[in-house]
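1. sequence unknown, structure follows:
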């Protein structure tokens, strides 16, 4: 039951604490300690990304994505030119020591209501399960909440994609339900699992990210001393 009521005694949602609409995300870099997240540039990034993804010889990283794997660099570049240069989704490349190792986008951008989604996440084997991968997600959250003042940050995935579901919970997202047969891709149905972080969740989650990403949290072999908070 809401603690807020209107003049008729009916329960209503909490009043807004921010002005709407919020700004659209800029096409500018996000700089971190372990990685940089920069606007995707096909000329600069396509060849290196294609090579990084080729390390996944079975093509497992493409199973739950709308497109891919691609037969060759030309096919991948053609998809990138067609899909990745819009303002929504706004694609970014994740650079580690200057090397392109993955992509992610800000998408379904709704400035009128202060809601934004992270999606199209594709980490190469060299990026997956690294400090840089976690920091990339943190940098994109920080842009949404700290820089742009959004109210809600969403993560959606195929409900059968266990690694993505685990990643969402590890990163602090709250599971909100599954929409059955919400969409289709690659000739099959997709039930979509929804997760989100709100601006009220963000301060505690941000503190956890900052502590986890601190160099002191890793030993000489690069192993974490304390785990990132999991729900």
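-> Thanks, I have the structure now. Predicted, not measured: the structure shown is a model, and the values here were computed from it.

2. quick check: which element contains residue 101?
-> Following DSSP states H and E, the helix or strand that holds residue 101 is strand 99-110.

3. also residue 44?
-> Going by DSSP H and E, residue 44 is part of helix 42-53.

4. likewise residue 154?
-> Following DSSP H and E, the helix or strand that holds residue 154 is strand 152-158.

5. for the record, mean pLDDT for the helix holding residue 44?
-> For helix 42-53, mean pLDDT rounds to 98.

6. tell me how far residue 80 lies from residue 16.
-> Applying C-beta to C-beta, to the nearest Å, the value for residue 80 to residue 16 is 38 Å. Every C-beta, even on glycine, is put in place using the N, C-alpha and C of the backbone.

7. which residues touch the residue positioned nearest the centre of the chain?
-> Geometric centre of the chain, nearest residue: residue 118, 3.6 Å, by C-alpha atoms, centre = their mean. Counting by C-beta atoms under 8 Å, 6 or more residues apart in numbering, residue 118 touches 104-107, 137, 140-141, 153-155.

8. for these, pick the one with the most neighbours.
-> Most neighbours among those, by other C-beta atoms under 10 Å: residue 153, with 26 neighbours.

9. surely that residue and residue 119 touch.
-> No: the pair residue 153 / residue 119 is not scored as a contact, 11.2 Å apart, by C-beta atoms under 8 Å.

10. my read: residue 96 touches residue 37, true?
-> No: using C-beta under 8 Å, residue 96 is not in contact with residue 37, being 10.6 Å away.

11. about what we covered before: after the strand holding residue 154, which helix or strand is next?
-> For strand 152-158, the following helix or strand on the C-terminal side (DSSP H and E) is helix 162-170.

12. how near is residue 56 to residue 92?
-> 20 Å.

13. these two: which has the busier surroundings?
-> Taking other C-beta under 10 Å, residue 56 and residue 92 do not tie; residue 92 has more neighbours (28 against 17).

14. quick one, helices of the protein?
-> Along the chain, the segments classed as helices by DSSP state H run 42-53, 73-83, 131-142, 162-170, 202-213.

15. need the winner for burial among those.
-> helix 131-142 (a mean of 23; mean count of other C-beta atoms under 10 Å).

16. give me the mean pLDDT for that one.
-> What helix 131-142 shows for mean pLDDT is 98.

17. tilt between it and helix 162-170?
-> Computed by axes from the mean of the first three to the mean of the last three C-alpha atoms, to 10 degrees, the angle separating helix 131-142 from helix 162-170 equals 60 degrees.
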